[in-house]
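Novice: Let's see this in three dimensions:
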Amino acid sequence: MVQEIIEKKKLVAVIGMGYVGLPIALEFAKKTRVIGFDINESKISSLKNQTDPSGEISRTEFSNRDILFSSSPEDLQKAHFYIVAVPTPIDAYNMPDLKALKAASQMLGKILKEGDYVVYESTVYPGCTEDECIPLLEKGSSLTAGKQFKFGYSPERINPGDKEHTLSRIVKVVSACDQESLDVIADTYALVVEAGIYKAPSIKVAEAAKVIENTQRDLNIALMNELSMIFDRMDINTYDVLEAAGTKWNFLKFSPGLVGGHCIGVDPYYLTYKSQGLGYHPRVILSGRTINDGMGAYVGKKTVQLLIKSGFNIPQSRALVLGATFKENVKDIRNSKVADLIHEIISFGVQVDIVDPLADPDDFRDEYHLELLKKPEGKYQAVILAVPHEQFKSLDINYFTKHTVDKSIFIDIKGIFKNLFESNKHFHYWSL
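Specialist: Here you go, the predicted model:
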């Protein structure tokens, strides 16, 4: 299989051209023939024009790639090694939403051929690949898994906005249904991953490894957020405390903040869902999730409290929110906790203007029923630096003074302007 992929006799197909699938497809397309598949015809049209809708991939990275972008399942029949990288979000009740994963599996089942390989990369709970996906492949293809077609799981580790830890530079965890398949899958990924391959002993282990990577980060950030709320009552700046504690060699340097996006704010719920199905109620993980899910509302309430404390009339107050995406320097608005912050402030009667140079205004309106402005308008009683995009970090204090009234509130969630604003009498400065 691997040699035939190298010789371009057998094709690799990647299903899902999002933040995960597109980088994989383009990386493989340096070495072999690739089909990049997505059901979104508009996205496929953009990719054919060498434009990544997410803004993560530059036009130059499409050059000299042997890749066919398609929304036709018929084109997928030409491939023999399939990688599934479709979204696996959570629903309104924090339950796993497997609709896209199951739909991709059903589609693949109809075109699967004897001798094909299928590797899932979508984040799932341990056991999902074998319990939910493989039966759909077998049903659709009338082939026996592990005998007539092989399968595996390799958790994605894409970090949006990170140009250092890219696909080829991150150790790739792989797993498979048997040893022969494990070797083939490992050797196939080794074509594009320079950092090395780690062979997990089972598919469930690989699935579990993925969800605990982000669960660990979620819990550490939750601890920082809880400490921030405690230190605020003590009138202590959290970042001062973290800087002092960070001088110890084994202190882990996490910081407080809004936890959104498609990974850290979602993956732990896949693990807790499976755990509860087995009769165990996870307390530590869900406590961390409760803290992090509530941080947007917490910052929103704090903003209103500071406005009242400073003597501003709430119904006549205006707040400017800078940043609406889930993290800095990306266009991704999925699960943005900035929206929670904004809705909380609006609920008290404060008028809110939102500016983000990266977020798509139409997408943000459709997702959160909130409008984005191109630039600030008039004077504000409060400014909230919610997402420190590079464009915002380059602003000077005169910019903020120009757009605010005297004694205005400056909420700096990540403490970016701490040294600049703390001693400025025009502002009441606050950070997590």
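Novice: worst-scoring helix or strand of this protein, pLDDT-wise?
Specialist: Every helix and strand in the chain was compared by mean pLDDT, DSSP states H and E; the lowest is helix 418-421, with a mean of 84.
Novice: Need the residues that contact that helix.
Specialist: With contacts defined as Cβ atoms under 8 Å, 6 or more residues apart in numbering, helix 418-421 is touched by 237, 239, 397, 410, 412, 427, 429, 431. Backbone N, C-alpha and C define where each C-beta goes, glycine included.
Novice: what are the pairing partners of the very next helix or strand once past it, and which direction each?
Specialist: Sequence-wise, the next helix or strand downstream of helix 418-421 (DSSP states H and E) is strand 427-430. Using DSSP bridges, strand 427-430 pairs in its sheet with strand 404-412 (parallel).
Novice: contacting residues around the strand it pairs with?
Specialist: Applying Cβ under 8 Å, 6+ apart, the contact partners of strand 404-412 are 299, 302-303, 306-307, 310-311, 320, 379-386, 400, 417-418, 421, 426-431.
Novice: Show me what counts as buried in that strand.
Specialist: 404, 408-412 (16 or more other Cβ atoms under 10 Å).
Novice: got it, and stretch 130-138?
Specialist: By 16+ other Cβ under 10 Å, the buried positions in stretch 130-138 come out as 130, 132-134, 136-138.
Novice: Filter the contacts of helix 418-421 down to the buried ones.
Specialist: Those of the contacts of helix 418-421 that meet the buried threshold are 237, 239, 410, 412, 427, 429, 431, by 16+ other Cβ under 10 Å.
Novice: will you turn these into a markdown table that also has distance to Val124 and pLDDT?
Specialist: As requested, the buried ones among the contacts of helix 418-421 are exported to a markdown table (distance: Cβ to Cβ, whole Å; pLDDT from 0 to 100):
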| residue | distance to Val124 | pLDDT |
| --- | --- | --- |
| Asn237 | 40 | 94 |
| Tyr239 | 36 | 95 |
| Phe410 | 42 | 96 |
| Asp412 | 37 | 96 |
| Phe427 | 46 | 92 |
| Tyr429 | 43 | 94 |
| Ser431 | 36 | 95 |
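Novice: and of the buried residues of stretch 130-138, the nearest to Gln351?
Specialist: Checking these against Gln351 with Cβ to Cβ, the nearest one is Glu132 at 46.4 Å.
Novice: can I assume that closest one sits in a strand?
Specialist: No. Glu132 is assigned helix when assessed by DSSP: H, G, I helix; E, B strand; the rest coil, not a strand.
Novice: Spatially nearest residue to it (excluding sequence neighbours)?
Specialist: If the residues on either side of it in the chain are set aside, Glu132 comes closest to Leu98, at 6.3 Å by Cβ to Cβ, 6 or more residues apart in numbering.
Novice: Please apply the same query to Val299.
Specialist: Leaving out its chain neighbours, the residue that sits closest to Val299 by Cβ to Cβ, 6+ apart is Leu341, at 5.1 Å.
Novice: what mean pLDDT does the helix or strand where that neighbour lies have?
Specialist: Leu341 is part of helix 338-347 when elements are defined by DSSP H and E. Summarised as a single mean, pLDDT over helix 338-347 is 98.
Novice: low pLDDT regions in the stretch 251-400 of the chain?
Specialist: Scanning the stretch 251-400 of the chain for pLDDT under 70 picks out no residues.
Novice: In it, mark out all the strands, start to finish.
Specialist: Ranges of strands within the stretch 251-400 of the chain are 318-322, 351-355, 380-385, based on DSSP state E, counting those that start in this stretch.
Novice: could you say what helices and strands the second one packs with?
Specialist: Using 3 or more Cβ pairs under 8 Å, 6 or more residues apart in numbering; DSSP states H and E as the contact criterion, the neighbours of strand 351-355 among helices and strands are strand 318-322, helix 338-347.
Novice: can you list contacts of that strand?
Specialist: Contact with strand 351-355 is made by 317-324, 342, 345-346, 364, 370-377, 380, as judged by Cβ under 8 Å, 6+ apart.
Novice: returning to that earlier point: buried residues, the least confident helix or strand of the chain. List them.
Specialist: Phe421.
Novice: In contact with Lys113, which residues are there?
Specialist: Counting by Cβ under 8 Å, 6+ apart, Lys113 makes contact with 77, 80, 141, 149.
Novice: cool, Tyr125 as well?
Specialist: Here Tyr125 is in contact with 96, 207, 211, 270-271, 273-274 (criterion: Cβ under 8 Å, 6+ apart).
Novice: now Lys43
Specialist: 17, 53.
Novice: Wasn't it part of a helix?
Specialist: Yes. Lys43: assigned to a helix according to three-state DSSP.
Novice: how far away is it from Met17?
Specialist: As judged by Cβ to Cβ, to the nearest Å, Lys43 and Met17 stand 6 Å apart.
Novice: Then Ile5?
Specialist: Noted for Ile5: a distance of 20 Å to Met17, by Cβ to Cβ.
Novice: One more: Tyr280?
Specialist: Look at Tyr280 and Met17: by Cβ to Cβ, they are 37 Å apart.
Novice: can you check Lys139 too?
Specialist: 26 Å.
Novice: what about the two, which has more around it?
Specialist: Higher neighbour count among Lys139 and Met17: Met17, with 29 against 13, using other Cβ atoms under 10 Å.
Novice: about what we covered before: hey, which of the helices and strands packed on strand 351-355 is tucked in deepest?
Specialist: Of all the helices and strands packed on strand 351-355, strand 318-322 has the most neighbours on average by mean count of other Cβ atoms under 10 Å, namely a mean of 24.
Novice: contact partners of that strand?
Specialist: 303, 338, 341-342, 345, 350-356, 376, 378-387, 389, 392, 403-404.
Novice: ok, of those, which come out buried?
Specialist: By 16+ other Cβ under 10 Å, these give 303, 338, 341-342, 345, 350, 352-356, 376, 380-387, 389, 392, 403-404 as buried.
Novice: which non-adjacent residue is nearest the residue sitting furthest away from the middle of the chain?
Specialist: The centre of the chain is farthest from one residue, Gly311, which by Cα atoms, centre = their mean lies 39.0 Å away. In this structure, Gly311 finds its nearest non-sequential neighbour in Lys407, 7.9 Å apart by Cβ to Cβ, 6+ apart.
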